[in-house]
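[1] Here is a sequence with its predicted model. Questions after.
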Protein chains: 4
Amino acid sequence: MIIIMSTGVSEEHIAGVEKRLESMGLGSNVSRGIERTVIGAIGDETKADKEALQALPGVEDVIRVMKPYKIVARSYHKEDTVVDIGGVKLGGNTVQVIAGPCSVETQEQMDRAAEMVVAAGCRLMRGGAFKPRTSPYSFQGHGVEGLEIFRAAADKQKLPIVTELMDVRSLDAFDEYNVDAIQIGTRNMQNFDLLKEVGRIQKPVILKRGMSATIKEWLMSAEYIAAGGNHNIIFCERGIRTFETYYRNVLDVTAIPVLKKETHLPVIVDPSHAGGKAWMVPALARAAVAAGADGLLVEMHPSPCEAWCDADQAITPDELNALMGELRGIAKAIGRDV
Amino acid sequence: MIIIMSTGVSEEHIAGVEKRLESMGLGSNVSRGIERTVIGAIGDETKADKEALQALPGVEDVIRVMKPYKIVARSYHKEDTVVDIGGVKLGGNTVQVIAGPCSVETQEQMDRAAEMVVAAGCRLMRGGAFKPRTSPYSFQGHGVEGLEIFRAAADKQKLPIVTELMDVRSLDAFDEYNVDAIQIGTRNMQNFDLLKEVGRIQKPVILKRGMSATIKEWLMSAEYIAAGGNHNIIFCERGIRTFETYYRNVLDVTAIPVLKKETHLPVIVDPSHAGGKAWMVPALARAAVAAGADGLLVEMHPSPCEAWCDADQAITPDELNALMGELRGIAKAIGRDV
Amino acid sequence: MIIIMSTGVSEEHIAGVEKRLESMGLGSNVSRGIERTVIGAIGDETKADKEALQALPGVEDVIRVMKPYKIVARSYHKEDTVVDIGGVKLGGNTVQVIAGPCSVETQEQMDRAAEMVVAAGCRLMRGGAFKPRTSPYSFQGHGVEGLEIFRAAADKQKLPIVTELMDVRSLDAFDEYNVDAIQIGTRNMQNFDLLKEVGRIQKPVILKRGMSATIKEWLMSAEYIAAGGNHNIIFCERGIRTFETYYRNVLDVTAIPVLKKETHLPVIVDPSHAGGKAWMVPALARAAVAAGADGLLVEMHPSPCEAWCDADQAITPDELNALMGELRGIAKAIGRDV
Amino acid sequence: MIIIMSTGVSEEHIAGVEKRLESMGLGSNVSRGIERTVIGAIGDETKADKEALQALPGVEDVIRVMKPYKIVARSYHKEDTVVDIGGVKLGGNTVQVIAGPCSVETQEQMDRAAEMVVAAGCRLMRGGAFKPRTSPYSFQGHGVEGLEIFRAAADKQKLPIVTELMDVRSLDAFDEYNVDAIQIGTRNMQNFDLLKEVGRIQKPVILKRGMSATIKEWLMSAEYIAAGGNHNIIFCERGIRTFETYYRNVLDVTAIPVLKKETHLPVIVDPSHAGGKAWMVPALARAAVAAGADGLLVEMHPSPCEAWCDADQAITPDELNALMGELRGIAKAIGRDV
């Protein structure tokens, strides 16, 4: 940790910082420049309280030198981590496309959807039983009954399933219906109590990026899960909030190479929620795979216009088929497959 | 609801929209302009599914005419709502300053803080027992023990208390220690299950704005609480996330007059978390009161440099005293008191 | 244009809107709903002054139905426009990679750079003679002398050149050194006087997106150029400003399919300025081509560590070669070539 | 300047940084920590090229210790600078409200406006002759003729005038009509050639903040003007661009105390463009003065509904009168006057 002192700082204030560092179990290295004095904290940076140092008189700025995340950091685990979701490997050379409808509606809809997921060559299925909706008056998902429908439909096709968890109290049901991977939604990325709970189990967790979460905050949220003992974590970029209003969110493709550098964990992309419109999905999906994503989370509905939620963002089974073809070509160009 | 059709739309697509509106129980009014055809949906807009309409062929855009929030809307309740927090009125002519430390540390610290809150002329006290921290390795608050310490300190000074709830499972403890107002933090503004739970009780809820929540989303989150039956809701603006890095967040003072127009509920401001530095607090606090805020949530610590969390953003008891003096003058200039 | 009136609006206010529309040469169609009255303006929307209508009593909101851009709109010109830059076609089936250093340094540097641009298979060269720098104390570019060096280096390799124009007073020099395409930088996207000047000539203009410009504002800036008579416009996405601080800007790939839908003009991407780091360039470049970009603007320096400006964002000639190989595979997967 | 090396950096890379610093005329101080090696550059930081250092192998991050702005910095000039605009002092104890219409329309309109500016107790007048408009098809201002009208109207009331300069080629006309203060609009904050030109003269310059400019970039733009010799600079906060769509921009009141700390130059606020609606102006104006602004730039039109531009954001003369009363009370509460 580096403490930058204000211009013209007094010796008393410098001594104050040294003393405080000492009380934190840290040494200090004072470097008196022409215009500025800079103090380097020597020792284990995790012991240093940045805010407390920042509050000391004479301190202009305090800069961390070490990264605040440990277990999820690439430096902790050099090789890429491969997460196993019900027997399907996510994070290796094969790009996995997780497809399915926004929400579980009926058994028939899910059965048809599952068939089409398999027909398109996808190996994992998504679908929402608990839906986070902006309005209390919108359809909130079928809940536990939805899990049951989803499980039944997926079992017929031998597909592992991915679905969103919103409340710690639903974990038992997730267990009962043997959900293969738990999705933590964008609005819960910093629901720390929820993160702690999924950190206590060993199910794979797909951690969506908060709508305006920085890369660092996102990594720290994964660290919450990892610190509990669950290292089966997958990052999912789903668009960030900006000033642009033409599309719902801005898909942040830069996050892909950056996360691949910072962490050993797999990174997937949700092109459906990012743009918010079905016609944008193919271009965004292709961009994600070209940028190095390990997988995609795509909304596909057997009959989008009839969908109960987000009807305008699901692609059709035919569109999914066509997209898979393009993705195979792109993956090949960068030495991967789909 | 207004449906704007694409240029050169076919009669078949227009008929498709009319048919879909009919299936939603709505009539339609087709207006064929020179360049565009526009369809107005007639009837109860809450029955209309915007996304499903947007997914229909030939539809360019769908615009809501009605506001999606009901109970929290000014049109539902013309007069300003005054919320009673343990006998103290928030939302009337008197601006309430809720002061106290970021986190509950020790009984002695809280006792001293409570004395100073009263000495400055404040009537409500804040303090955190459950702390949402970006890092799993940071101090997470004393939890239930913290509530006990806080309650004891506040009781000596007869101060109602405000503290943050992060997990539905803590509600019993909030009841046991008779927390007077529950704070929902910025990261939980769209934790819909938590909102539903605090909607089932009658304790006042201070709903902080999500870091990048729009005014509309914020109002909708309050609507979640209100829809459950609890109308004792207070909005708390605490700065939004932008591109600026000099300060932690940008205090959005425009939200104050806007909320006062859109809702009958009280609006307060947290100048401490907004700027993130103690020296910015007085200017931001004055701006908030001048813009019409009904109250403030201010971090004050008996000895800021010793604080266990956010040490650099708490003001001292002396600074709080000085600030209260300025606020009285400003409130007077706009016909209020503090 | 649609005028949405406030709840409980008076007949007098409705009549006021009708009268004002009449004074603008527009008819009106009043539709009285259960909760809201909506007035549709009939006639040529360009005659309507949105702000003036918004200022009228009883008006809640005014919504444009028509797009404010004409010449650059896809509806004005159905086929893709191909822009000719010194004999090289940009906008057709071939993706063009425009490569070269950030700034013109020496004749030798530019000669070597030009050789390497050709060696990598690129057909257009970039380089800055006039540099927009945040600090007045930074190297501001060689100016006219830089143009001379650049022209000489490019002529040896028969490469058309692209360089940035910052000031209308430099246009004569751009003519003298026969600059093939003029770049308008992100900071000048709404320098309307500059746009008007490049609209009066016929040189191709590469219009970079403003750091926080919406798609609509960007299209309107292109419309400024087009309205002057110059339709040789190329959009260049270069990253937008967001809250994220890990990378300089967020490359907005969604803008690619969106612009391809809204306009007939070519769209290219600058992956170098977007991320701000050389190691991010390949992933971003691949994503851009996969998303449908017609070209790239890539910083390549014969010896990046020696570069006089933005040294950390230029890729090496070898990295450019490797990238070109990947791009050929990606382009092929979507039916294009590089 | 502090150079943070990557974990496990080699001695060769450390030596590389030392060598490069030496070539820049700087010494180095290597501090080998347990996990990181940090190199401090010793000497004049302005000689160091941050990007070139960042491009060196083994370098993780480079942090500036000194501020990049000099003349505009508070450390350069301890006392508050007071700028004289045609005999009126801006920057002292008196808060100056600069009022007037968005654009110069007719002589009669400007005559009436000038009378009302004086009647409300304001001492400076604003009005636009050259208007930056998003659309090429909107009214672009009366240009030079507008300056003539404005000058004549203001002279009758002995009011100094403030108007926007968009193009260096208009400077002669600004001289001819003796414009008292030149406004640089938000879209031109980084039009560096324009900044250099206004730096060569001695007229006061009101520098509006770019729509998404950071505080640092804004200070650097002022430094461009100051570096040319003109120190009569006034900062004008006018709202920043965020994700919020309810209002046009978010007025950043935090910028006020921050600029007062960083620079000795006056800071004013434009509450009219920030919110974009007349009804928001009083609350924002009060907040700005309460936060410590030295002045305001307020749009007032004798008859807002008839305004040719931004009709919905101008307040009426009566509203200006009422606002001035409130501002006097607020100024008094913080020891100033209006």
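    Received it, and whenever you're ready, just let me know what you need.

[2] residue contacts, residue A:254?
    Applying Cβ atoms under 8 Å, 6 or more residues apart in numbering or on different chains, one finds that residue A:254 lies in contact with C:247, C:250-251, C:274-275, C:280, C:283-284. Bear in mind the C-beta positions are built from the backbone N, C-alpha and C, glycine included.

[3] before we move on, what about residue A:229?
    By Cβ under 8 Å, 6+ apart, the contact list for residue A:229 reads A:199-200, A:202.

[4] 7 Å - rerun?
    Listed by Cβ atoms under 7 Å, 6 or more residues apart in numbering or on different chains, the contact set of residue A:229 reads A:199-200.

[5] Is the nearest residue to residue A:37 once chain neighbours are set aside bridged to anything, and to what?
    Nearest non-adjacent residue to residue A:37, counting by Cβ to Cβ, 6 or more residues apart in numbering or on different chains: residue A:5, 4.4 Å away. Legend: beta-bridge partners of residue A:5 under DSSP bridges are residue A:59.

[6] In terms of pLDDT, where does residue A:5 sit?
    As predicted, residue A:5 sits at a pLDDT of 91.

[7] surely it meets residue A:58?
    Yes. Counting by Cβ atoms under 7 Å, residue A:5 does reach residue A:58; the two are 5.4 Å apart.

[8] was I right about residue A:334 contacting residue C:326?
    Yes. Using Cβ under 7 Å, residue A:334 is in contact with residue C:326, at 6.0 Å.

[9] can you give me the helices for the stretch 201-338 of chain A?
    A:215-227, A:255-262, A:271-275, A:281-290, A:317-333 (DSSP state H, counting those that start in this stretch).

[10] Which neighbours do residue A:334 and residue C:326 have in common?
    In contact with both residue A:334 and residue C:326: residue C:286, using Cβ under 7 Å, 6+ apart.

[11] and chain A, which residues reach chain C?
    A:212, A:214-216, A:240, A:242-247, A:250-254, A:256-258, A:274-275, A:280, A:283-284, A:286-287, A:290-292, A:326, A:329-330, A:332-334 (Cβ under 7 Å from any Cβ of the partner chain).

[12] and those residues, which are buried?
    Neighbour-count burial (16 or more other Cβ atoms under 10 Å in any protein chain shown) applied to the residues of chain A next to chain C gives A:212, A:214-216, A:240, A:242-244, A:246-247, A:250-254, A:256-258, A:274-275, A:280, A:283-284, A:286-287, A:290-292, A:326, A:329-330, A:333-334.

[13] quick one on the thing from earlier: report the two of the contacts of residue A:254 separated the most.
    Spanning the widest gap among these are C:250 and C:283, at 13.4 Å by Cβ to Cβ.

[14] How about the secondary structure of residue A:62?
    Classification of residue A:62 by DSSP: H, G, I helix; E, B strand; the rest coil places it in strand.

[15] Contacts only, for it.
    Residue A:62 sits in contact with A:1, A:3, A:50, A:53-54, where contact means Cβ under 7 Å, 6+ apart.

[16] Quick check: it vs residue D:186, distance?
    Going from residue A:62 to residue D:186 by Cβ to Cβ, to the nearest Å gives 33 Å.

[17] so who does the nearest residue to residue A:259 once chain neighbours are set aside touch?
    Once flanking residues are discounted, residue A:259 sits nearest to residue A:267: 4.7 Å by Cβ to Cβ, 6+ apart. Residues counted as contacts of residue A:267 (Cβ under 7 Å, 6+ apart) are A:235, A:237, A:256, A:259-260, A:293-294.

[18] beta partners of residue A:267?
    Counting by DSSP bridges, the residues bridging with residue A:267 are residue A:235.

[19] What residues are bridge-paired with the residue nearest to residue A:96 when sequence neighbours are not counted?
    Distance criterion Cβ to Cβ, 6+ apart; nearest residue to residue A:96, sequence neighbours excluded, is residue A:295 at 4.0 Å. With DSSP bridges as the criterion, residue A:295 is bridged to residue A:96, residue A:268.

[20] ok, residue A:295 - contacts?
    With Cβ under 7 Å, 6+ apart, residue A:295 has these contacts: A:90, A:95-98, A:266, A:268.

[21] tell me which of the contacts of residue A:267 is nearest to residue D:177?
    For the contacts of residue A:267, the nearest to residue D:177 is residue A:237 (54.2 Å; Cβ to Cβ).

[22] Was I right to think that closest one contacts residue A:209?
    Yes. Using Cβ under 7 Å, residue A:237 makes contact with residue A:209 at a distance of 5.5 Å.

[23] rewinding a little: so can I have a markdown table of the contacts of residue A:254 showing pLDDT and distance to residue D:228?
    Formatted as a markdown table, the contacts of residue A:254 follow (pLDDT from 0 to 100; distance: Cβ to Cβ, whole Å):
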| residue | pLDDT | distance to residue D:228 |
| --- | --- | --- |
| C:247 | 95 | 33 |
| C:250 | 98 | 34 |
| C:251 | 98 | 35 |
| C:274 | 94 | 32 |
| C:275 | 91 | 33 |
| C:280 | 97 | 36 |
| C:283 | 98 | 41 |
| C:284 | 98 | 37 |
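
[24] From the residues you listed, pick the one nearest chain A.
    Among the contacts of residue A:254, residue C:283 lies closest to chain A (Cβ to the nearest Cβ), at 3.9 Å.

[25] Now that closest one. Nearest residue, chain neighbours left out?
    residue A:257 (3.9 Å).

[26] quick one, strands of chain A?
    Applying DSSP state E to chain A gives strands spanning A:2-5, A:27-32, A:37-42, A:59-63, A:83-85, A:88-90, A:96-100, A:124-126, A:161-165, A:181-184, A:205-208, A:233-237, A:267-269, A:295-299.

[27] Enumerate the positions of the fifth one that are buried.
    Using 16+ other Cβ under 10 Å as the burial criterion, the residues of strand A:83-85 that qualify are A:83, A:85.

[28] so what's the nearest residue to residue A:98 once chain neighbours are set aside up against?
    Distances taken as Cβ to Cβ, 6+ apart place residue A:124 nearest to residue A:98, at 4.2 Å, with adjacent residues excluded. By Cβ under 7 Å, 6+ apart, residue A:124 lies in contact with A:85, A:88, A:96, A:98, A:159-160, A:162.

[29] For chain A, which residues are neighbours of chain D?
    Counting by Cβ under 7 Å from any Cβ, chain A sits next to chain D at A:2, A:4, A:7, A:29, A:31, A:33, A:35-36, A:38, A:40, A:42, A:63, A:65-66, A:75, A:241-243, A:245.

[30] Buried ones among these?
    A:2, A:4, A:29, A:31, A:33, A:36, A:38, A:40, A:42, A:63, A:65-66, A:241-243.

[31] From those, which shows the smallest pLDDT?
    Among those, residue A:33 has the weakest pLDDT, 74.

[32] I figured it was touching residue D:42, is that so?
    Yes. Residue A:33 is in contact with residue D:42 according to Cβ under 7 Å; the separation is 6.3 Å.

[33] Enumerate every residue touching the closest residue to residue A:240 other than its chain neighbours.
    Among residues not flanking residue A:240 along the chain, residue A:252 sits closest, at 5.1 Å (Cβ to Cβ, 6+ apart). By Cβ under 7 Å, 6+ apart, the contact list for residue A:252 reads A:237, A:240, C:250.

[34] Which member of the residues you listed is positioned nearest chain B?
    Of the contacts of residue A:252, the one sitting nearest to chain B (Cβ to the nearest Cβ) turns out to be residue A:240, at 8.7 Å.

[35] Alright, calling it a day.
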